[in-house]
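S.K.: Model the structure of this input:
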Amino acid sequence: MVVHYHNGIGRYLGMEKKINNNGIETEFFIIEYAENGKLFVPINQAHLISKYIGADDELPKMHVLGGNRWKKTREHAENAIAGYAVDLLELYAKRQIKEGFGCQPDSPDMLAFEEDFPYVETEDQIDAIKKVKEDLISPKPMDRLVCGDVGYGKTEVAMRAAFKTSVDGQKQVAVLVPTTVLAMQHYENFVDRFANFPLRIGVLSRFRSAKETHETLKGIEEGSVDIVIGTHRIISEDVKFKNLGLVIIDEEQRFGVKAKEHLKKIKVDVDCLTLSATPIPRTLYLSLIGARDMSTINTPPQDRLPITTIIAEPHDQLLRNAIVRELTRDGQVYIIHNRVESIFLFAAKIQKLVPHAKIVVGHGQMASDEIDSVFHAFKKGEVDILIATTIIENGIDIPNANTILIDRADRFGMADLYQLRGRVGRWNRRAYAYFLVPNARQVPEIVRKRLEALALSSGYGGGMKVAMRDLELRGAGNILGTEQSGHVSSIGFHLYCKLLKRTMRTLQGQIPKMVTDTRVEFACDARLPGEYISEPSLRMEIYQRFGEAITLEEIDAIWAEILDRFGPAPEQALWLYHLTRVRAMASQKGYTQIKLDQFVLILEQQQPNKKEPLIKKIPMTRPKTPDQFEKVIASHLT
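M.R.: Predicted coordinates for the structure are as follows:
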């Protein structure tokens with residue numbers, strides 16, 4: 001059963017390819033409704049559909065297409081949401097009850113591996129390792145969150161868990177990471193850390209050749225690959241583990257729920273270890289109420305200094321002083337500029353400010369070997385400054401780089417800024433993070449509060465502070481609290497949470513109060529081709545994220561992630577990106593419809609205190625490129 005935002009509860013029948021009203025072949029969801037009604041929903045409207053989950057096992061009644069019952073139900077339902085909390089907690093309880101496998105107590109090889117660690121463990125690190133070992137030895141499947149600041153030693157906890165599973169448990173390990181850069185970073189670190197032990201480590205990412213990938217897949221299936229590290233590629237259908245025992249998920253907030261759950265379902269009794277500096281609210285909430293175990297690493301490594309965070313306007317003198325100060329102590333500098341189309345112009349500007357500095361540029365649209373070359377040059381100290389997009393948010397670990405400048409920091413979320421700032425301060429030198437915002441005094445209040453909160457969280461344990469603040473803002477207590485009445489039984493949990501989240505964001509000032517559901521009709525092939533993203537569920541997840549995105553910043557962040565994970569985008573995906581940006585701009589200004597009919601642009605806009613919308617008709621020629629389309633339409637939105 002599924003719920004369509006406008007039409008209510010129906011039965012999902014599957015998908016079908018049909019020619020849409022613009023003459024373009026499109027994938028459609030087919031939903032059956034009462035009285036033999038059928039609705040065909042194009043896949044780019046996947047955000048309007050959510051799976052129905054009620055408070056009990058009773059199936060809901062289907063609605064009639066065009067009827068009034070659904071509208072009244074959506075407005076007046078008052079069922080408690082506590083039912084969903086029970087269902088969710090039951091899921092975790094079943095994992096605890098089910099018998100899994102247990103590792104043997106520490107073997108001589110395990111002890112030798114721990115002795116081979118070149119640093120002194122912190123108290124929190126030792127405690128987290130101890131708890132993870134106890135979980136692995138226990139026959140009950142592990143589900144533990146290890147939360148700790150960037151650079152505080154979470155990776156070593158993961159490595160010891162992986163070693164123990166492989167050696168003392170004779171099982172395979174999968175390490176799931178959000179980006180190709182982080183996959184290669186982890187792979188190199190694992191290979192270096194495991195160098196004195198006979199374990200085979202593989203990696204799956206677009207940085208690997210077809211031959212290397214084939215050999216790794218064969219080794220995974222035969223069991224000769226003990227540990228495999230990779231992006232979402234790990235959860236593809238052609239990856240078949242012989243005896244998977246442990247799944248490690250790094251920075252889970254970058255993954256969709258479907259990706260994580262699919263990986264867990266590879267084997268029901270698999271152990272699961274999640275690592276995060278800023279865990280997502282639902283995960284953190286489940287950990288706090290005891291639905292899953294949590295270990296925190298708040299003790300900084302020896303000689304580690306807090307990062308100095310500075311909020312400033314990007315004047316040339318400030319940029320030059322910040323860079324020169326780092327270079328004069330033989331350090332290196334990160335500069336984040338999250339616009340691919342202008343990043344080289346930005347790099348040229350920086351080069352003029354510091355003409356003697358060696359600069360490289362990295363972004364997700366570059367070829368994999370080119371990205372690899374750029375990051376290795378920076379890691380080896382062959383260049384002074386790396387100017388990059390958020391592709392470096394997870395995965396670059398360079399102790400000699402201790403200054404980071406983030407251009408247009410006002411466009412990033414709290415967790416993103418926290419992760420970016422964590423690229424520096426990984427040594428015993430004082431580190432500096434500059435959040436650069438134009439007209440700092442004129443930025444919206446919510447943005448200023450976000451930046452100030454991050455500046456205040458620059459001390460030890462800041463990641464948990466950010467996560468707790470995020471939990472407070474998103475209101476997980478309201479979602480799962482027994483006193484919160486909601487619409488679970490009548491409209492389903494997913495739709496209820498979506499509406500609740502939107503309302504809360506509006507009250508917090510994160511999005512405009514008026515957000516209209518805008519329909520954009522333009523005869524173009526806007527989609528994510530199967531040749532670009534092969535897994536249907538992953539494509540659907542991205543469509544849903546695009547559809548639910550309300551601000552341009554959210555859309556741009558999703559787009560940057562797509563480019564990083566899947567490489568340069570085809571024209572169809574570019575059309576989807578720019579149409580989504582147009583929809584977001586129009587919805588915030590009350591437009592209900594944008595339609596290009598022949599050579600006339602039709603704009604339909606809601607009017608305050610008026611039933612009839614204002615309709616504008618503007619003569620125009622058909623834009624030839626996605627970028628041109630966005631610019632032309634944006635110029636007419638008032």
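S.K.: From now on I want contacts and neighbour counts done on CA atoms only, so please keep to that.
M.R.: OK.
S.K.: To which secondary structure element is Leu596 assigned?
M.R.: With elements delineated by DSSP states H and E, Leu596 resides in strand 591-597, which encompasses its position.
S.K.: what do you get for Ile335?
M.R.: strand 332-336.
S.K.: and if you look at Tyr532?
M.R.: Secondary structure here is read from DSSP H and E; on that basis Tyr532 sits in neither a helix nor a strand.
S.K.: which one is Val150 nearest to, not counting chain neighbours?
M.R.: Gly422 (5.3 Å; CA to CA, 6 or more residues apart in numbering).
S.K.: Pop out the phi and psi values for the one you found.
M.R.: phi -70, psi -10 (degrees, to the nearest 10).
S.K.: May I have stretch 431-449 exported as PDB, CA atoms only?
M.R.: What follows is stretch 431-449, C-alpha atoms only, in PDB (Å, rounded to 0.1, in the frame of the first residue of the first chain):
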ATOM      1  CA  ALA A 431      44.200  24.900  13.100                       C
ATOM      2  CA  TYR A 432      42.100  27.700  11.600                       C
ATOM      3  CA  ALA A 433      38.700  27.400   9.900                       C
ATOM      4  CA  TYR A 434      37.300  30.500   8.100                       C
ATOM      5  CA  PHE A 435      33.500  30.600   7.400                       C
ATOM      6  CA  LEU A 436      33.400  33.200   4.600                       C
ATOM      7  CA  VAL A 437      30.000  35.000   4.100                       C
ATOM      8  CA  PRO A 438      29.300  38.100   2.000                       C
ATOM      9  CA  ASN A 439      27.700  40.900   4.000                       C
ATOM     10  CA  ALA A 440      28.000  39.000   7.300                       C
ATOM     11  CA  ARG A 441      25.700  41.500   9.000                       C
ATOM     12  CA  GLN A 442      22.900  40.900   6.500                       C
ATOM     13  CA  VAL A 443      22.700  37.100   6.500                       C
ATOM     14  CA  PRO A 444      19.400  35.700   7.700                       C
ATOM     15  CA  GLU A 445      19.100  35.200  11.400                       C
ATOM     16  CA  ILE A 446      18.800  31.400  11.200                       C
ATOM     17  CA  VAL A 447      22.000  31.200   9.100                       C
ATOM     18  CA  ARG A 448      23.900  33.500  11.600                       C
ATOM     19  CA  LYS A 449      22.700  31.300  14.500                       C
END
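S.K.: List the neighbours of that stretch that are in contact with it.
M.R.: Residues lying outside stretch 431-449 but in contact with it, judged by CA atoms under 8 Å, 6 or more residues apart in numbering, are 305-314, 402-410, 421, 424-425, 451, 508-510.
S.K.: Next, report how far that stretch is displaced from the centre of its chain.
M.R.: With CA atoms, centre = their mean, to the nearest Å as the basis, stretch 431-449 stands 23 Å off its chain's centre.
S.K.: Flag every buried residue along that stretch.
M.R.: Of all the residues in stretch 431-449, those buried under the rule 16 or more other CA atoms under 10 Å are Ala431, Tyr432, Ala433, Tyr434, Phe435, Leu436, Val437, Val447, Arg448.
S.K.: Mind checking which of those residues are in strands?
M.R.: For the buried residues of stretch 431-449, the ones inside strands are Tyr432, Ala433, Tyr434, Phe435, Leu436, with DSSP state E as the criterion.
S.K.: Beta-bridge partners for the last one, please?
M.R.: I take that to be Leu436. According to DSSP bridges, the residues that bridge with Leu436 are Ala312, Asp407.
S.K.: among the contacts of stretch 431-449, which ones are buried?
M.R.: Under a neighbour-count criterion of 16+ other CA under 10 Å, the subset of these counted as buried comprises 305-309, 311-314, 402-410, 421, 424-425, 451, 510.
S.K.: The residue nearest to Val150 against Gly151, yeah?
M.R.: Yes: in this structure, Gly422 is within contact of Gly151 by CA atoms under 8 Å, at 7.4 Å.
S.K.: In terms of packing, which of those two has more residues around it?
M.R.: Just comparing Gly422 and Gly151: by other CA atoms under 10 Å the higher neighbour count belongs to Gly422, 25 against 19.
S.K.: who's in contact with the more buried one?
M.R.: With contact set as CA under 8 Å, 6+ apart, Gly422 has these partners: Asp149, Val150, Gly151.
S.K.: Could you single out the nearest of those to Leu176?
M.R.: Sorting these by how near they are to Leu176, with CA to CA, puts Val150 at the top with 17.3 Å.
S.K.: Looking at that closest one now. What's its pLDDT?
M.R.: At Val150 the predicted local distance difference test score is 71.
S.K.: got any ranges where the stretch 401-550 of the chain has weak pLDDT?
M.R.: Screening the stretch 401-550 of the chain residue by residue with the criterion pLDDT under 70, one finds the ranges 440-441, 457-516.
S.K.: Apply 90 and report the result again.
M.R.: In the predicted model, the stretch 401-550 of the chain carries pLDDT under 90 at residues 410-430, 438-531, 533-550.
S.K.: Dump the C-alpha coordinates for the helix or strand harbouring Glu212 into CSV.
M.R.: Secondary-structure assignment from DSSP H and E places Glu212 in helix 210-222. In CSV, the C-alpha atoms belonging to helix 210-222 read as follows (Å, rounded to 0.1, in the frame of the first residue of the first chain):
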residue,chain,number,x,y,z
ALA,A,210,36.9,-2.8,-14.9
LYS,A,211,39.5,-5.6,-14.6
GLU,A,212,40.3,-4.6,-11.0
THR,A,213,36.6,-4.5,-10.1
HIS,A,214,36.0,-7.9,-11.7
GLU,A,215,38.8,-9.5,-9.7
THR,A,216,37.5,-7.9,-6.5
LEU,A,217,34.0,-9.2,-7.1
LYS,A,218,35.3,-12.6,-7.8
GLY,A,219,37.3,-12.6,-4.6
ILE,A,220,34.3,-11.4,-2.6
GLU,A,221,32.2,-14.3,-3.9
GLU,A,222,34.9,-16.9,-3.4
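S.K.: Helices of the stretch 401-550 of the chain, start to end?
M.R.: Counting by DSSP state H, counting those that start in this stretch, one finds helices in the stretch 401-550 of the chain at the ranges 414-421, 445-456, 462-474, 476-480, 488-491, 493-507, 536-548.
S.K.: From Gly148, how far out is the residue nearest to Val150?
M.R.: According to CA to CA, to the nearest Å, Gly422 and Gly148 sit 11 Å apart.
S.K.: again, but for Gly202
M.R.: Shown here: Gly202 relative to Gly148, a distance of 26 Å by CA to CA.
S.K.: repeat for His6
M.R.: From His6 to Gly148 the distance is 42 Å (CA to CA).
S.K.: Mind checking which of these two has more residues around it?
M.R.: For His6 against Gly148, the residue with the higher neighbour count under other CA under 10 Å is Gly148, and the figures read 27 against 13.
S.K.: and the closest residue to the more buried one other than its chain neighbours, how many neighbours?
M.R.: Of all residues not flanking Gly148 in the chain, Ile297 sits nearest, at 4.5 Å (CA to CA, 6+ apart). Burial of Ile297 is recorded as 23 neighbouring residues (other CA under 10 Å).
S.K.: Ile297 and Tyr152, how far apart?
M.R.: According to CA to CA, Ile297 and Tyr152 sit 7 Å apart.
S.K.: just to revisit the earlier point, which elements pack onto the strand holding Ile335?
M.R.: Contact analysis of strand 332-336 by 3 or more CA pairs under 8 Å, 6 or more residues apart in numbering; DSSP states H and E lists helix 316-328, strand 385-388, strand 401-407 as its packing neighbours.
S.K.: Among those, single out whichever gets nearest to Val374.
M.R.: When the helices and strands packed on strand 332-336 are compared by CA to CA, strand 385-388 sits nearest Val374, at 8.3 Å.
S.K.: Quick one: residues in contact with the closest one.
M.R.: Residues outside strand 385-388 that contact it (CA under 8 Å, 6+ apart): 332-338, 343, 347, 357-363, 378.
S.K.: In its sheet, which strands sit next to it, and in what direction?
M.R.: Strand 385-388 pairs in its sheet with strand 332-336 (parallel), strand 359-362 (parallel), by DSSP bridges.
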